[in-house]
Structures are given as C-alpha cells and as structure tokens.
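Colleague: What shape does this take:
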Amino acid sequence: MGWRARPICRHGATHGCRNRAPRAPTHSTGGRRPSRLGRTTTEGFMEILRETLTGPGVWKGSDFASKDDVTVVLDAAQLAELGEAVRAALQAGHALDTLEREHFPLPKTESLLRDVYDQLRSGQGIVILKGIDVGLYSQQELEMIYWGIGTYLGAGVSQSVLGDRLGHVKDFTATDTHARAYRNKQELTPHTDSSDIVGLMCLRTARAGGMSIATSALAVHNELVARYPQYLEPLYEGFPYHRRGEQLPGESAVTPYRVPLFCWREGQLSCRYVRSYIETAARESKQPLTQLQTDALNCVERLTYELAFEFYLDPGEIYLINNYTVLHARTAFEDWQEPERKRHLLRLWLAAPDWRAVDSSFVAARGGIAAQAGKLPSYQGSFGSGRIATAPR
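Modeller: From the prediction side, this is the model:
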C-alpha cells in the first residue's frame, strides 16, 4: 500500500484502544472540552471545538509527495478476481442496481477493501485505488466492477432527482444548459456531497484541465482555531441551504433549519459545506449574509486552497474520500470534440455502516436525493425561473 497512514488500532481509535465495538475514532484535543453555547439548534446546545486536532485525518497537501502516497495498487490476483466476478455477475443476469455484495464475491480482495474502509473512516480519509485497465472491459463491465467494489464499502444512494445511484460525471450542457455542477465542465469549488463516502472512477480524461483537489476539513478547522477563532461561532451556527429544486412536493425551497459548516459530535469533527447553496438561500430568501458570515466563508474558501492536495486521476483509478473530513473540488476543463474521447467519470455516493455521529441536518442528506419523475438535476436559480428543469417526454 502506498499511503503513509499514522498507526490506528484495530478498533479504529487514534489514541488508545478500549477494546470496544468498531466506531469512528475520536480526535485528540489534549483533554480539553469544547465550549458550549446557549443558542438552540435542532439538537439543543451548540458545541464549538476551540482546540486543535491531531491524528491521521489532519494533513496538508504539502505532506504528500505525490498521489502515490494515498494510492493502493491492486495486485495481479486481485485484478483477475475482479474480472472473474464481473463476468460471473453478468452471466448470472444481475443488473447493476440490484447487485449486492454476495453477488460479487472477492475473497482475495475483501481484506484490502476492509483496509480501505478503515483508512477512509479512521485514517487520512482519502484513498486512490489503482490497477484496473479500462481497455480490457466494456463500459458496462467497468460500471459493474466499480459498483461491486462499492458494495464492500457501503450502500449506493441516489445522487439526483433522476434516482441515479451510479452517477455519470460528464459535460451535459449541450442538452441541459443549467446542468448541476457534476454535469458541466466549469470549476467546482471546494465542497462536500450528500453521503458518507464519495467515490469517483476515471474512465476518460479531458483534453486539458479537470484537476482534482482535496483538502482535510480537520486541517482547515485547526487553522481557524489557531489564526481565525472569530469565525468559529458563525460557522458552527450554520446557514440555511437552498435545495436547488430537489425538494419534495410540499417542502420549502430553503431549509427551515441551519446547517452547521462544522459540528462536533461524540469526539468527532465533521464538515458539511456547499457555498453556492448557502448563497442561493440567502439571496432568494432575501436574508443576506452578514459581513461576519461572508468573511468566515471567504476564510474557509481561502484555507481550503492553501492546504489543498492537487492531482490528476488517470483512467482506471478510483478516488475515494470520507465526505465529512475531506473537501473536494475540480478545476474547469476543456473537452475533446469526439464523443468517444470526452471526459467521463463514474460517481458513487455510499452510505457506510458504523460511520460517525453527525448533526441531524447532515443526516437529512445522508441517504441521498429523492428521485422525482420528470425532473432533471439542473437549476436556473436567480438567473432564471428558479424552477428545476423538466425532463423531455
């Protein structure tokens, strides 16, 4: 394995083993307690961690010489096993959406995938799996290999109103001019998604651009504690989020509750951050952000780039992150003219067992986005009608 993980005990703890059932590790704070504020949230009191964290999940991009430092290389036996598993699954008539772990046996690879799970949950929170030769398989086979690997890490959830549990990260703007961020070629600024684990498998790269960016949210928090403590309270207090047309009938376009950017639960720090959803909610509800809130968000944005780990994915590589401890982004890209050469990644959102305690507002998004017939994952916002696009019939 290529990663340089700091040691964790077999029960998942980063500082001492109590021989208990597996759970996400607590982060060391030197024994000090977080402060409690009296402002009422959906869960009562808001706790703010005002001490720096230590542990393998706290890293800077400069800590890594290259992506090899977070890469796990599948060996020949494991690669052969993946090929055998996908051929057997297809021969048995299994469809992608109904493929379960028991339909995709990987006795030679299972232990490695358990290590990957532990590394995502209790370690650095970022892993790249390498070795799959995309030239050996059809797209259908690659999708099933990726999905099959995912069943060893969690359960795939819907990523949009399409109900797609396997997302296609491509530029769809030729047919959907207001396509959601993962379906266009513009820059994606640092953010989190709506699941426990986020996975991206590269099938084809762009002609230029499309660089991946990952940042430890725990390292960002440490910088805030050390250099910008005045921003902790507004970030923990959180912000209403715009649902970008993905709300169910009868739900409001803007959440009636605040979503904290950071939350501290059971000794674990978690992050949820999508700035465009925050700003759209403020704009369309006519409740502008205060100067302190704006400054706090600007500071977070700046720190995510200062601490970033940048790399390019190659075809066949699978990029996995802990969605609560790692922010991810992507630079804009220029695509090929030929349809068969255009940039194409496969995305998984996985709900993972025994993951971590999070704020209740995070849980609302944890199970993915509800499918809604006749809708597309696109939104015009303040520049148009503000309605979600309707799929052609």
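
Colleague: who's in contact with Pro260?
Modeller: Shown in contact with Pro260 (CB atoms under 8 Å, 6 or more residues apart in numbering): 41, 46, 235-238, 272, 359, 361. Quick note: C-beta positions are derived from backbone N, CA and C, even for glycine.

Colleague: Go again with 7 Å.
Modeller: Residues in contact with Pro260 (CB atoms under 7 Å, 6 or more residues apart in numbering) are 236-238, 359.

Colleague: Check those and tell me the two furthest apart.
Modeller: Glu237 and Asp359 (11.6 Å; CB to CB).

Colleague: where are the low-confidence patches of this structure?
Modeller: 1-45, 171-185, 336, 365, 378-393 (pLDDT under 70).

Colleague: and Leu235, helix, strand or coil?
Modeller: helix (DSSP: H, G, I helix; E, B strand; the rest coil).

Colleague: any idea how far Gly368 is from the residue nearest to it when sequence neighbours are not counted?
Modeller: Excluding the flanking residues, the one nearest Leu235 by CB to CB, 6 or more residues apart in numbering is Leu261, at 4.3 Å. According to CB to CB, to the nearest Å, Leu261 stands 21 Å off from Gly368.

Colleague: So between these two, which is more surrounded?
Modeller: Using other CB atoms under 10 Å, the more surrounded residue of Leu261 and Gly368 is Leu261, with 28 against 21.

Colleague: Run through the residues that contact that one.
Modeller: The contact partners of Leu261, by CB under 7 Å, 6+ apart, come to 235, 238, 271-273, 300.

Colleague: count of residues packed around Glu266?
Modeller: 10.

Colleague: about what we covered before: of the contacts of Leu261, closest to Lys286?
Modeller: Scanning these for proximity to Lys286, where the rule is CB to CB, the winner is Gly238, at 18.8 Å.

Colleague: neighbours around that closest one, how many?
Modeller: Counted with other CB under 10 Å, Gly238 comes out at 23.

Colleague: Make residue 1 into 14 and carry on from there
Modeller: Fine by me, first position is 14 from now on; the one you just mentioned is Gly251.

Colleague: Might one say that it is in contact with Tyr270?
Modeller: No - in this structure Gly251 lies outside contact range of Tyr270 using CB atoms under 7 Å: 8.3 Å.

Colleague: Can you give me every residue that contacts Leu142?
Modeller: Contacts for Leu142 were tallied using CB under 7 Å, 6+ apart; they are 85, 87, 330-331.

Colleague: same question, Cys215
Modeller: Cys215 neighbours (CB under 7 Å, 6+ apart): 326-330, 358.

Colleague: likewise Tyr332?
Modeller: Contacts of Tyr332 by CB under 7 Å, 6+ apart are 141, 212-213, 225, 326.

Colleague: Of the residues you listed, select the buried ones using a ChimeraX command.
Modeller: Buried subset of the contacts of Tyr332, written as a ChimeraX selection, criterion 16 or more other CB atoms under 10 Å:
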select :141,212,213,225,326
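
Colleague: separation between Glu94 and Pro118?
Modeller: Glu94 is 8 Å from Pro118, by CB to CB.

Colleague: Between these two, which has more neighbouring residues?
Modeller: Glu94 (18 against 15).

Colleague: quick one: the more buried one from Gly176, how far?
Modeller: Taken as CB to CB, the span from Glu94 to Gly176 is 30 Å.

Colleague: ditto for Thr65
Modeller: Counting by CB to CB - Thr65 and Gly176 are separated by 42 Å.

Colleague: which residues touch Ala266?
Modeller: 255-256, 260, 297.

Colleague: Skip the chain neighbours and tell me the closest residue to Pro390.
Modeller: Ser173 (3.6 Å).

Colleague: three-state assignment of the one you found?
Modeller: coil.

Colleague: on that earlier part again, what do Glu94 and Pro118 both touch?
Modeller: Joint contacts of Glu94 and Pro118 (CB under 7 Å, 6+ apart) do not exist.

Colleague: circling back to that earlier point, just the buried ones out of the contacts of Ala266, please.
Modeller: 255-256, 260.

Colleague: Contacts for stretch 339-358, please.
Modeller: Outside stretch 339-358, the residues within contact range by CB under 7 Å, 6+ apart are 138-139, 181-184, 198-205, 211, 213-230, 284, 286, 317, 334.

Colleague: show me the contacts for Val147.
Modeller: 155, 216, 328-329.

Colleague: and with 10 Å instead?
Modeller: Residues near Val147 by CB atoms under 10 Å, 6 or more residues apart in numbering: 154-155, 158, 214-217, 327-330.

Colleague: Sort out for me which of the contacts of stretch 339-358 are in strands.
Modeller: Taking DSSP state E, the ones among those that sit in strands are 139, 181-182, 201-204, 211, 213-217, 221-222, 225-229, 284, 334.

Colleague: among those, which ones are buried?
Modeller: 139, 181-182, 201-204, 211, 213-216, 222, 225-229, 284, 334.

Colleague: Which residue ranges of this structure form helices?
Modeller: Assigned by DSSP state H, the helices in the chain fall at 89-104, 123-135, 152-163, 230-240, 245-250, 288-297, 304-319, 373-379.

Colleague: got those as a markdown table, with distance to Glu113 columns?
Modeller: Output for these, formatted as a markdown table (distance: least, CB to CB, whole Å):
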| stretch | distance to Glu113 |
| --- | --- |
| helix 89-104 | 10 |
| helix 123-135 | 14 |
| helix 152-163 | 9 |
| helix 230-240 | 32 |
| helix 245-250 | 39 |
| helix 288-297 | 33 |
| helix 304-319 | 36 |
| helix 373-379 | 20 |
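
Colleague: Quick check: Gly212 touching Asn335?
Modeller: No - counting by CB atoms under 10 Å, Gly212 does not reach Asn335; the two are 11.1 Å apart.
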